[in-house]
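S.K.: output the structure for:
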Amino acid sequence: MKNFVLTFLVVFTIFISYALCFGNKGKGHICFRAVDEDKDGKVTFQEFKKIYGDDKVKFEAIDLNDDGKLSHDEYHRFLGHGAS
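M.R.: Numbers count the residues shown, from 1 in each chain. Okay, here's the model as predicted:
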């Protein structure tokens, strides 16, 4: 029974995370907006490292157009959600 409850909670948490992330497409995904602290539509390395640590190599790999900022689509490709 404990395994069932634990499995249910994990699946439920994942489901809620995806629902929150994809539920508001017209205004940008909540997970992107949570990282984009200044709400300028781009994630800077300073914003990125608060969540993902001081990993400049990872940031640069995600920044496909090399502008020093992550767009909404670049960020969601990194998360595995694809671009919207």
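S.K.: for this structure, which segments count as strands?
M.R.: Ranges of strands in the chain, per DSSP state E, are 43-44, 69-70.
S.K.: I'd like these as JSON lines, with mean pLDDT and distance to residue 8 appended.
M.R.: Where C-beta positions appear, they are placed from N, C-alpha and C, glycine not excepted. Below are the strands of the chain laid out as JSON lines (pLDDT from 0 to 100; distance: least, Cβ to Cβ, whole Å):
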{"stretch": "strand 43-44", "mean pLDDT": "96", "distance to residue 8": "33"}
{"stretch": "strand 69-70", "mean pLDDT": "96", "distance to residue 8": "34"}
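S.K.: any chance of these in CSV, plus distance to residue 79 and mean neighbour count?
M.R.: Shown next, in CSV, are those (distance: least, Cβ to Cβ, whole Å; neighbours: other Cβ atoms under 10 Å):
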stretch, distance to residue 79, mean neighbour count
strand 43-44, 11, 21
strand 69-70, 11, 22
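S.K.: with distance to residue 2 as extra columns, can I get these in TSV?
M.R.: Rendered in TSV, the data for the strands of the chain read as follows (distance: least, Cβ to Cβ, whole Å):
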stretch	distance to residue 2
strand 43-44	39
strand 69-70	40
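S.K.: can you name the residues that contact residue 75?
M.R.: 32, 35, 43, 62 (Cβ atoms under 8 Å, 6 or more residues apart in numbering).
S.K.: for it, give me the pLDDT.
M.R.: On the pLDDT scale, residue 75 is placed at 90.
S.K.: next: residue 53.
M.R.: At residue 53, the pLDDT recorded in the model is 90.
S.K.: equivalent analysis for the one 4 residues further on, please.
M.R.: What the model reports as pLDDT for residue 57 is 94.
S.K.: and if you look at residue 25?
M.R.: Residue 25 carries a pLDDT value of 48.
S.K.: again with the one 10 residues further on
M.R.: If you check residue 35, the pLDDT there is 90.
S.K.: can you tell me which residues contact it?
M.R.: Contact partners of residue 35, counting by Cβ under 8 Å, 6+ apart, are 43, 47-48, 50-51, 75.
S.K.: out of the strands of the chain, nearest to residue 9?
M.R.: Within those, the stretch nearest residue 9 is strand 43-44; the backing value is 29.6 Å (Cβ to Cβ).
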